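S.K.: From the sequence below, what's the structure:
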Amino acid sequence: MSRLVRVLLIVVVAFVVLVVIALAAVPYIVDTPRIQSLVASTATQALGRPVKFAAVSVSVLPLPGVVLKDLEVAEDPVFGKDAFLKLREATVRLKLWPLLAGRVELGDFILDKPTISLVQAPDGRLNISTLGGHAQDGAPSTRPRSGGGGGGAVGGAALLGSRVKIEDGVVLYEARGKAAPARYRVEGLELTLTGGGTGLAFTGKGRLEPGALEVKIGDGLVSVNGARSLTEAPIRGKITLGGKNVGALAAVAMGPEPALAGGLNGQLTLSGTIGKPKAAGDLELTGFAVSQTIAQCPEPKRRTLSLGPVKTSIAWEEPRLTARPVTTSLGGGSVTTNVAATVEHGVRAELADIAVKGVPVEKVLVDYLCQGYAVTGPLDLTGNASARTSDLWNTLNGNGQLKIGPGKIVGAQALALLGSVVKLGGAVSSALGGELPKGFSASGVEYDSITGTYTITNGVVSTRDLKLASRTLNATVAGTYGLGNGAMNMDVTLVSGSAQLQAKVTGSASSPSIRVNPEASLRNVDPAKVEKGLRDLLKKFR
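M.R.: Here you go, the predicted structure:
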């Protein structure tokens, strides 16, 4: 037994001595000019773009390798002049067993702190679409090869080594269009690509900015067998998302107002191709809130509407995002809808099958929007809507039906309008025995219900059957109201007991013009009372 141990120890020592000798001999075995030429030509051929670096050195520990200084991969000139990839240092590992035999074979390719620029042209093409093409006359290819482009990329990965690792990388993404370009970046990128067969397996993680959204990718695979170009290569994987506040990320896509806030968690399945990826899965927003500066509000003018957890199942295929269903809560009530958003030259959102149940409407109209025509009470609503987020009030379209109440009319402009209608019809109400209300309390007018149907066309709301019912007063409204400019053109009918008063309301919400219809109001009234009422009215203007 001791002899066997002694033999094993001799073998181990001999092996260690052999490895030490091999490592010590690496600088002499490795022909750095030849390695430099091999790496540069292999990478250029694989990527279809010139690859250059300033210098090459050989390292022995912790593992033998070749260090490339100031490495740079050129950009396709169609997309710009800046480099597609650049970094100060890259390491090409050398396989140990071939070294012991006096041969040089490349192993893992490690990129330390690289900066990668991804550019999407207005027509949707990505700058990576020409990777894998043949460089001609020292210039990058400006279009994909007719076939086999993806295979070139995988072949290059195999030639460069069994794995490509990115450590602490940065990816800059720019989507160019007619409007200002959308820019995002991924920081702290850790990515491992493993070539084999007809595909590239990958795993990684990074942080999407702005918004500090943590992204992890697992079980990733790019299959390039038969793909005409790299962007047409099928891709699959699993994505995990997590962020404490994605408001800054939403602002890039939707603009600064209204501002969104909330934590995001999700699990998505990645599919499609590199050029047109798809994703589907479940998302949840916690602490979700919408904030906006509302000019008509008293201080503080910046108001926030806070919602309960928002849950949905999404499907993304550029440029369209669908979320079915979206569920949340507000003030003890529930909100459910299906959302479809097109993210192209701004965001256009469509909300279908809207179902609002028991939501205290004052949370929106009074506390958030400070509407002059605000009411209170639980809201039930069904309908649909669509709008561009950049110009919500002027692009809003939809229709639906609603019921509110019991509650109060509390908006100052609504109370003033009703008071003015009755005041201007004072002579008529006097002729009718003073049955119409004389005034309205500053705390609001109570009602049992408000019901009606509506249609919205480019921010203008129209209705024919909006009805308010209370114990002392019933009102009917038919006409239009502009959400953006407050323009009104409405017929208002007030009924109290047997008394009826009709008026035409035009102008703006802040400065309405009211015209009472005396003929309709005096119908079925004693002519003697009418004559006395008119005489009394004339006396007031003498």
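S.K.: Domain-wise, how is the protein divided?
M.R.: 18-233, 409-540 (automatic domain parsing).
S.K.: so where do the helices sit in the stretch 101-250 of the chain?
M.R.: According to DSSP state H, counting those that start in this stretch, the stretch 101-250 of the chain carries its helices in the segments 149-160, 247-254.
S.K.: Out of these, name the one with the poorest average pLDDT.
M.R.: Across these, helix 149-160 has the smallest mean pLDDT, namely a mean of 41.
S.K.: Would you check that Gly479 makes contact with Ser462?
M.R.: Yes - at 7.1 Å, Gly479 counts as touching Ser462 under the criterion of C-beta atoms under 8 Å. Just so you know, the C-beta spots here come from the backbone N, C-alpha and C atoms, and that holds for glycine as well.
S.K.: Where does the prediction get shaky in the stretch 151-300 of the chain?
M.R.: Low-confidence segments of the stretch 151-300 of the chain (pLDDT under 70): 151-162, 178-180, 196-198, 226-227.
S.K.: all strands of it, in order?
M.R.: 163-175, 182-196, 199-209, 213-223, 235-243, 259-272, 277-293 (DSSP state E, counting those that start in this stretch).
S.K.: got those strands as TSV, with mean neighbour count and distance to Val492 columns?
M.R.: Conversion of the strands of the stretch 151-300 of the chain to TSV gives the following (neighbours: other C-beta atoms under 10 Å; distance: least, C-beta to C-beta, whole Å):
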stretch	mean neighbour count	distance to Val492
strand 163-175	18	49
strand 182-196	17	47
strand 199-209	18	52
strand 213-223	17	50
strand 235-243	17	49
strand 259-272	17	37
strand 277-293	16	30
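S.K.: Ser498 is nearest to which of those?
M.R.: Evaluated over the strands of the stretch 151-300 of the chain, closeness to Ser498 peaks at strand 277-293, with 45.9 Å, by C-beta to C-beta.
S.K.: helices or strands next to that closest one in the packing?
M.R.: Identification of packing neighbours for strand 277-293 by 3 or more C-beta pairs under 8 Å, 6 or more residues apart in numbering; DSSP states H and E yields strand 235-243, strand 259-272, strand 302-306, strand 310-317.
S.K.: which residues of the stretch 301-450 of the chain fall in strands?
M.R.: Counting by DSSP E, counting those that start in this stretch, the strands of the stretch 301-450 of the chain are 302-306, 310-317, 320-330, 333-343, 347-360, 378-388, 397-404, 407-409, 445-447, 449-457.
S.K.: and of these, who's closest to Thr44?
M.R.: Comparing the strands of the stretch 301-450 of the chain under C-beta to C-beta, the one sitting nearest is strand 310-317, at 34.2 Å.
S.K.: who does the closest one pair up with?
M.R.: Strand 310-317 pairs in its sheet with strand 277-293 (antiparallel), strand 320-330 (antiparallel), by DSSP bridges.
S.K.: buried residues in that strand?
M.R.: 310, 312, 314-316 (16 or more other C-beta atoms under 10 Å).
S.K.: How about stretch 115-126?
M.R.: So stretch 115-126, judged by 16+ other C-beta under 10 Å, has buried residues 115-120, 125-126.
S.K.: for stretch 459-472, same thing?
M.R.: 459-463, 466-470.
S.K.: Let me know the average pLDDT across that stretch.
M.R.: Rounded mean pLDDT across stretch 459-472 is 92.
S.K.: same question, stretch 117-133
M.R.: 77.
S.K.: Look up how far Leu260 lies from the residue nearest the centre of the chain.
M.R.: The structure's the chain has its C-alpha centroid closest to Ala250; by C-alpha atoms, centre = their mean the separation is 4.9 Å. Applying C-beta to C-beta, to the nearest Å, the value for Ala250 to Leu260 is 4 Å.
S.K.: next one: Val359
M.R.: Taken as C-beta to C-beta, the span from Val359 to Leu260 is 19 Å.
S.K.: Same check on Leu379?
M.R.: 22 Å.
S.K.: For the closest residue to Val73 other than its chain neighbours, list each beta-bridge partner.
M.R.: Closest residue to Val73 apart from its sequence neighbours, by C-beta to C-beta, 6 or more residues apart in numbering: Leu85 at 4.1 Å. Residues in a beta bridge with Leu85, per DSSP bridges, are Val73, Ile116.
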